[in-house]
Each structure stands twice: as structure tokens, then as C-alpha cells.
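> What shape does this take:
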Amino acid sequence: MKTFIYPEMMVHVALCTHKQPNAVLLASDNSALLMGELERYRNTSVSTISVNNLLDSLRSVEDKSADVVLMDTLTHDAAVIAHIGRILKGDGVLVLQHPSLDDVIGNTVLMHILGNYFKIIMPYYAGDGTTLLLCSREYHPTADIILQRSDLLEGQQFYNCDVHVGVFAMPQYVRKNYLGIIRN
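Residues are numbered from 1 along each chain as shown. Modelled structure (predicted):
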């Protein structure tokens, strides 16, 4: 599989959804993979933490210090999500790895926990066979896409503004399975 797809989709969907992503918190043990894409946003500062012992790493992050949090890991831990809720600003966006949409029960638990902190919770296909989850306090990923930003990005091999919108399209069986759970 192409190694450029995942980093482009993890980073650009979030940063082209948020109106002014000035501060990004990246939770990853492979941050170099994502930093190449984050460096395209010159007015954005990025801080990184390890996903190894994630809860302790999040405890040390200042309240309301991030516009965007990128979680390069799976988590169902309510305490981790509570810390992310504390760290994000009022219009914050979170993108995290997401298990297969076929795990309806597990995903329902996760989405209910996230529902305590976010009014928009939408899975999307990363384009490489994985699923990511965008959670937002204010911005809708398809209605509020910053077209000027997404159109002016250069050097992408996969991401563009059409892909950004298209990856949120879900098959009918997924819509039925998650009716009332996905918040869009």
C-alpha cells in the first residue's frame, strides 16, 4: 500500500476542516511520518507526545492548548478522551484511528464516550483500507471544508478537496448500523 496516503488523510482532513489550526497536538510513536505533512502549514505549531503511556503524556498538556489533536493510535479509554476534551479549544477537532466499521458494538461505546465532548462524530475512509474518525466541536468536515486551503496545498499524491468530501460517504448498511450514533 502507498505510504503517503495515511499521513495525508490524517493531517489534511483535520487541518482543512478547522478554520484556524494554529496549534496541533500529535500523539504518535511514528511522528516523522505525519510531520512531513504538518510542515506544509507554516503558521501552525506542532507539539508531539508518545502514545506509549498516553494517559500520563496527556496529563502534562495544558488546558485548551490545541486547535487540533491527531491521535495516531486506537483508544477506547474514557480517561484519555476526557483529557483530549480538556486539551482542545472550544472549536477543536480530533482525528483518531478507528477500528473497522464492522465492529458496531465496540464503535458504539467509543462514539458514546466521544459524544460527551463533540457534537460532530464522523468516520471516514483513509484511502488505504483503514478508517479514521473525525470529531469536531464546531466544524463539519464536508460543509465547512476550507476550500482555499485545500486547493492551494501542493505536493499531495492522494489528498485533494474532492477526496476530502468523498471519504465521508458511507454505504447504506453502515448508515443503518450507526443510525443515531454517528453525529453528522
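
> what secondary structure does the most centrally placed residue in the chain sit in?
Compute the mean C-alpha point of the chain, and by CA atoms, centre = their mean the closest residue is residue 95, 1.2 Å away. Three-state call for residue 95 (DSSP: H, G, I helix; E, B strand; the rest coil): strand.

> which ones are touching the closest residue in space to it that isn't next to it in sequence?
Excluding its sequence neighbours, the residue lying closest to residue 95 (CB to CB, 6 or more residues apart in numbering) is residue 14, at 4.5 Å. Every residue, glycine included, has its C-beta placed from N, CA and C. Going by CB atoms under 8 Å, 6 or more residues apart in numbering, residue 14 touches 21, 68, 70, 93-95, 134.

> same question, residue 36
By CB under 8 Å, 6+ apart, residue 36 lies in contact with residue 7.

> one more time with 10 Å, if that's ok
If a contact means CB atoms under 10 Å, 6 or more residues apart in numbering, then residue 36 has 4, 7-8, 11, 155 as its contacts.

> Give me the distance between it and residue 10.
Look at residue 36 and residue 10: by CB to CB, to the nearest Å, they are 11 Å apart.
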